[in-house]
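In: okay, predicted coordinates and the sequence, questions at the end:
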Amino acid sequence: MYELLLRTETLLTSLRPPVLLGIGAVAVAVGLVFWLGGTRYSTAIIGLIGAVIGAAAGLTASHRFGVHPWLSILVGAAVVAVLAILLKKVLVLVLAVLILSAVSGAGYVSVVLDRTTAPPSSAAAQQITVYQPFLRMAPEARLEYIDRISNQSKTFLDRLKALFDDTWTAVKPHNTIALIATIAGAVVAVVLVWLVAKIITALAYSIVGVAALFVGLQAALLAVNIHAVSDLKPRPWLLPVIFLVLVVIGWVCQLFFWRSVKVQQEPEEVRKGSHKR
């Protein structure tokens with residue numbers, strides 16, 4: 001996980017402080033909603049996701065069929081958002097399965113990346129090494145490395161693609177096991193969702209929320225020239241521990257909040273039923 005966060009930090013370093021602050025503010029706000037209120041605001045979240053997908057589909061349709069872009073975007077966003085809300089229960093469960101399967105695969109990839117940071121055991125191994133771990137680089141050398149692999153491109157998307165391709169170099173020899181881990185995570189998630197849907201949904205929301213908080217805080221700190229991830233080099237285990245602790249806190253808070261809301265609603269329903277009788 002630490003190597004992956006180092007790469008994210010280096011990539012974000014290329015952005016200007018105002019952009020970093022904007023990304024940080026949005027990511028932290030979204031993260032807080034998912035982390036502590038995912039199950040409470042599930043309808044709004046699903047509707048917003050549907051609106052974004054509908055807007056993207058509307059924009060694509062406008063280019064293809066010559067429709068006015070704004071009209072196509074608004075219609076697409078409204079239609080897909082309504083459909084998403086109507087199918088909320090199904091979509092929430094599908095998203096929970098996708099999130100947990102992605103976490104399973106990403107967890108294995110993080111372990112692979114962290115293991116590649118260990119120095120090769122022989123000179124021959126050093127000669128055939130293509131992948132360059134950021135943990136073994138000086139902070140200033142990391143940005144130079146991204147510049148080199150992106151052919152000195154200054155656009156964020158080109159750098160992101162180049163860094164993704166470079167990271168895939170380390171993961172590629174293990175892609176079969178990574179795929180198995182992802183599929184296994186999906187199978188386990190399906191079984192758990194079938195048995196305890198609300199508990200697993202709260203866990204998925206908490207994971208996404210904490211991940212967004214990590215990205216947002218990282219971007220905000222970089223805006224004021226604080227390289228928090230690099231500064232934790234002597235204690236790379238600290239960030240995974242913090243991540244897991246925050247996930248558990250958000251998970252428990254959502255379950256407690258959901259239960260308290262349910263308890264408060266039940267007496268109201270009982271009172272309404274008694275009045276009808």
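Out: Everything's here; your move.
In: ok, Lys198 to Val188 distance?
Out: Per CB to CB, to the nearest Å, Lys198 is found 17 Å from Val188. No exception for glycine: its C-beta is placed from N, CA and C like everyone else's.
In: can you check Ala27 too?
Out: For Ala27, the distance to Val188 - CB to CB - is 28 Å.
In: more neighbours: those two, which one.
Out: Ala27 (20 against 15; other CB atoms under 10 Å).
In: can you report phi and psi for that one?
Out: In terms of degrees, to the nearest 10, the main-chain angles of Ala27 are phi -60, psi -40.
In: any idea how far it lies from Val19?
Out: From Ala27 to Val19 the distance is 12 Å (CB to CB).
In: and what of Lys154?
Out: 13 Å.
In: so the two - more neighbours on which side?
Out: Neighbours of Lys154 and Val19, each counted by other CB under 10 Å, are more numerous for Val19; the result is 14 against 9.
In: that one: which element?
Out: Assigning secondary structure by DSSP states H and E places Val19 in helix 17-37.
In: run the angle between the helix or strand that that helix is followed by and helix 17-37 for me.
Out: Going down the chain from helix 17-37, the next helix or strand is helix 42-65, by DSSP H and E. Helix 42-65 and helix 17-37 meet at an angle of 130 degrees, taking axes from the mean of the first three to the mean of the last three CA atoms, to 10 degrees as the criterion.
In: for the helix or strand following helix 42-65, name the packing helices and strands.
Out: Remark: after helix 42-65, the chain's next helix or strand is helix 69-86, criterion DSSP H and E. Counting contacts by 3 or more CB pairs under 8 Å, 6 or more residues apart in numbering; DSSP states H and E, helix 69-86 is packed against helix 42-65.
In: output the contacting helices and strands for the helix holding Val19.
Out: Applying 3+ CB pairs under 8 Å, 6+ apart, one finds that helix 17-37 contacts helix 197-223, helix 238-276.
In: I'm done for today, thanks for sticking with me.
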